[in-house]
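> build me a model from this:
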Amino acid sequence: MADRHNLVGILSDQQRYDTMACYGNHWIQTPRLNALADESFVFEAPYVTQPVCTPSRVPAHRIASPCHWANHEQDAPRS
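Sure, this is the predicted structure:
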């Protein structure tokens, strides 16, 4: 049997990409996250599906885009 790799996802809430040292911020100290980034991979161009937190987190858990959800009550307001 081939070696199997573990997949660990870290999903933070309301955090800009540049608030960690592994993304170039040298003022904020994130040594443990930097160590994880050094030993694995980081997304170079991350994006979210919704500008508000809860609808943005759901696709990561459901592996589906918002248009496939049955619950549309948390849609972001349209401008």
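
> point out where the chain drops to low pLDDT.
1, 13-14, 48-79 (pLDDT under 70).

> hey, where'd the strands end up in it?
Counting by DSSP state E, the chain has no strands to list.

> roughly how far does the closest residue in space to Tyr17 that isn't next to it in sequence sit from Asn34?
Setting aside the residues directly before and after it, Tyr17 is nearest to Tyr23 in space (Cβ to Cβ, 6 or more residues apart in numbering), at 5.3 Å. Every residue, glycine included, has its C-beta placed from N, CA and C. Per Cβ to Cβ, to the nearest Å, Tyr23 is found 10 Å from Asn34.

> the two: which has the busier surroundings?
Taking other Cβ atoms under 10 Å, Tyr23 and Asn34 do not tie; Tyr23 has more neighbours (18 against 15).

> helices along the chain, start to end?
Ranges of helices within the chain are 31-39, 53-62, based on DSSP state H.

> does Cys22 touch Leu33 like I think?
Yes - Cys22 lies in contact with Leu33 (Cβ atoms under 8 Å); the separation is 6.3 Å.

> name the residue in those two with the higher neighbour count.
More crowded of Cys22 and Leu33, by other Cβ under 10 Å: Leu33, with 17 against 14.

> look at the closest residue in space to that one that isn't next to it in sequence and say how many residues are nearby.
What sits nearest to Leu33 in space, not counting adjacent residues and going by Cβ to Cβ, 6+ apart, is Met20, at 5.5 Å. Using other Cβ under 10 Å, Met20 has 18 neighbouring residues.

> list the contacts for Met20?
Met20 is in contact with Ile28, Thr30, Leu33, Asn34, Ala37, counting by Cβ atoms under 8 Å, 6 or more residues apart in numbering.

> so how far is Leu7 from it?
Taken as Cβ to Cβ, the span from Met20 to Leu7 is 20 Å.

> kindly report the same for Ala45.
20 Å.

> do Leu33 as well
17 Å.

> count of residues packed around Ile28?
By other Cβ under 10 Å, 11 other residues sit near Ile28.

> okay, the contacts of Met20 in a markdown table with distance to Ala2 next?
Output for the contacts of Met20, formatted as a markdown table (distance: Cβ to Cβ, whole Å):
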| residue | distance to Ala2 |
| --- | --- |
| Ile28 | 39 |
| Thr30 | 33 |
| Leu33 | 29 |
| Asn34 | 30 |
| Ala37 | 26 |
